[in-house]
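K.L.:
here is the input, now give the coordinates:
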Amino acid sequence: MLENMMKWSLKKKLITLLIFIISIFYFKAFFTKGVFFEDTFLKKHVIGNECHYKGEHIEGNIDIAVKGKVEEGNSVDVIYKLPNNINKKYEVVFNKVDKLDESYEFEIYEESKRVYKGSYNNALPFLLNEYNEPLVCISVGFHNTNQFNQDYKIYFTNVLAFAMRTNERIRGEFKLLLISFIMFLGTLIDYKFPLFSFKLKYILSVDDPEPSDFYLFMQRLSWYVVPIIGVIIMIIALFFEKFEDMFV
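P.N.:
You can find the predicted model right below:
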């Protein structure tokens, strides 16, 4: 009997240690800073005065470098190194910067040729061209879904988003993580106090209520099913960009 208890105690310690180690790796990945580009998470690397966003797409490696600060009169270089030898370099020149109002006037150059002049205001979901006309009705940070081929197009909204770092975020989706934690906490409370929720529900309408066998069976089943669903939600939270269509 004592030997079995010791074995079970050792097993619990090993399981706890395994969960702890997995949690460390999970949260390290979850709170990693970077950007999503073409359904791929690019991890942020600061090298000197440059920010590099690197990741692996199904078609090859992606490395997007950003150099320079968003200041009036300054320029920011955005260099794309994409799969299939697609290399693009843009220079974003900020002619006017109003950080208080979050409005910017800028020009975009490709190979010393100006390809766009306009403005951006955080209150608007699109860019304005030099005639104050909307460029496209998409938000800054939009990425297209074309494959990396000779017709691949990089949108000016995306160039500006990288130049201003407005598309930076942590990898995971915090709201989904919170939902999974609530599920784990609810299961733990239900496990420690199995009659708490039942009596709370019926105590005002029934004297000395007792749960049925079916209720107890479903309750015990939930102690396994709910945590499994919580783990699945945690996985979705880490790869939310790939599952986003399911929640829109």
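K.L.:
how about the helix or strand containing Trp223, which residues are buried there?
P.N.:
Secondary-structure element containing Trp223, defined by DSSP states H and E: helix 213-238. Buried residues in helix 213-238, defined by neighbour count with 16 or more other C-beta atoms under 10 Å: Gln219, Val226, Pro227, Gly230, Ile233, Met234, Ile236, Ala237, Leu238. C-beta here means a position set from N, CA and C on the backbone, and glycine is covered the same way.
K.L.:
try stretch 159-176
P.N.:
Buried, per 16+ other C-beta under 10 Å, within stretch 159-176: 159-164, 166-169, 171-173, 176.
K.L.:
just to revisit the earlier point, what packs against the helix holding Trp223?
P.N.:
Using 3 or more C-beta pairs under 8 Å, 6 or more residues apart in numbering; DSSP states H and E as the contact test, the elements touching helix 213-238 are helix 2-30, helix 174-192.
K.L.:
and the ones you listed, which is most packed in?
P.N.:
When the helices and strands packed on helix 213-238 are scored by mean count of other C-beta atoms under 10 Å, the highest mean neighbour count falls to helix 174-192 (a mean of 14).
K.L.:
just how off-centre is that one within its chain?
P.N.:
Distance, stretch centre to chain centre, for helix 174-192: 20 Å (C-alpha atoms, centre = their mean, to the nearest Å).
K.L.:
could you do stretch 187-198 as well?
P.N.:
How far stretch 187-198 lies from its chain's middle: 33 Å, per C-alpha atoms, centre = their mean.
K.L.:
pLDDT weak spots in the chain?
P.N.:
1-8, 136-146, 201-209, 242-248 (pLDDT under 70).
K.L.:
restrict the strand ranked longest in the chain to CA atoms and write it as CSV.
P.N.:
Criterion DSSP state E: the longest strand present in the chain is strand 86-98. C-alpha atoms of strand 86-98 as CSV (Å, rounded to 0.1, in the frame of the first residue of the first chain):
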residue,chain,number,x,y,z
ILE,A,86,11.7,38.3,-54.1
ASN,A,87,13.6,41.2,-52.8
LYS,A,88,12.1,44.7,-52.4
LYS,A,89,13.4,47.8,-50.8
TYR,A,90,11.3,50.8,-49.9
GLU,A,91,12.1,54.2,-48.3
VAL,A,92,9.3,55.9,-46.4
VAL,A,93,10.0,59.6,-45.9
PHE,A,94,8.0,61.3,-43.2
ASN,A,95,7.3,64.9,-44.2
LYS,A,96,5.0,65.7,-41.3
VAL,A,97,4.5,63.9,-38.0
ASP,A,98,1.9,64.7,-35.4
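K.L.:
show me which positions of it end up buried.
P.N.:
Result for strand 86-98 [16+ other C-beta under 10 Å]: buried residues Ile86, Lys88, Tyr90, Glu91, Val92, Val93, Phe94, Val97.
K.L.:
secondary structure class of Val159, three-state.
P.N.:
Following DSSP: H, G, I helix; E, B strand; the rest coil, Val159 is assigned to helix.
K.L.:
run through the residues that contact it.
P.N.:
Taking C-beta atoms under 8 Å, 6 or more residues apart in numbering, we find Val159 in contact with Val78, Tyr90, Val92, Ile108.
K.L.:
could you rerun that using 10 Å?
P.N.:
The contact partners of Val159, by C-beta atoms under 10 Å, 6 or more residues apart in numbering, come to 64, 66, 76, 78, 80, 88, 90-92, 106, 108, 110, 115-116, 140.
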